[in-house]
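Undergrad: no sequence on this one, just coordinates:
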């Protein structure tokens, strides 16, 4: 009867091994690669890893190869559907061309988040992010 209980731990990843996965990290990076291994802490090993950046209707890839990801940094892990992967309506451009736009987008997003955090702290009494006990 226990075999009918679904995995609720990192054991649920067993079916994802040797499949192309998308991993979104806490810092916002998006990695595509083949999941080769994982452990009980959901630390991941990706092979043939590329980091994708996006701006408008374009994307670019930066090759990383073998990539070890600490489990606490994973926000999202999902399988890439290989049949639909090539059907995305985005055009691929050189990484060096898109990188400056991506950095500006990230800086703008950080500025907006800082404003939100300041308002939440000053007007609503929320604590500041990155304060005592918030580090990893």
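TA: Good, I have the coordinates. Worth saying up front: this structure is predicted, and the values here are computed from it rather than measured.
Undergrad: tell me the pLDDT at the residue nearest the centre of the chain?
TA: Geometric centre of the chain, nearest residue: residue 24, 1.0 Å, by Cα atoms, centre = their mean. Residue 24 is assigned 96 on the pLDDT scale.
Undergrad: repeat for residue 128
TA: Per-residue pLDDT puts residue 128 at 72.
Undergrad: run a quick neighbour tally on it.
TA: Residue 128 has 11 neighbours, counted by other Cβ atoms under 10 Å. Placement of C-beta: from N, CA and C, glycine included.
Undergrad: packing partners for whichever strand or helix holds the residue nearest to the centre of the chain?
TA: Here residue 24 sits within strand 20-25, counting by DSSP states H and E. In terms of contacts (3 or more Cβ pairs under 8 Å, 6 or more residues apart in numbering; DSSP states H and E), strand 20-25 is packed against strand 30-38, strand 44-55, strand 74-79.
Undergrad: just so I know, which of these lies nearest residue 86?
TA: With Cβ to Cβ as the criterion, residue 86 lies closest to strand 30-38 of the helices and strands packed on strand 20-25, at 13.0 Å.
Undergrad: got the angle for that closest one vs strand 74-79?
TA: Interaxial angle, strand 30-38 versus strand 74-79 (axes from the mean of the first three to the mean of the last three Cα atoms, to 10 degrees): 80 degrees.
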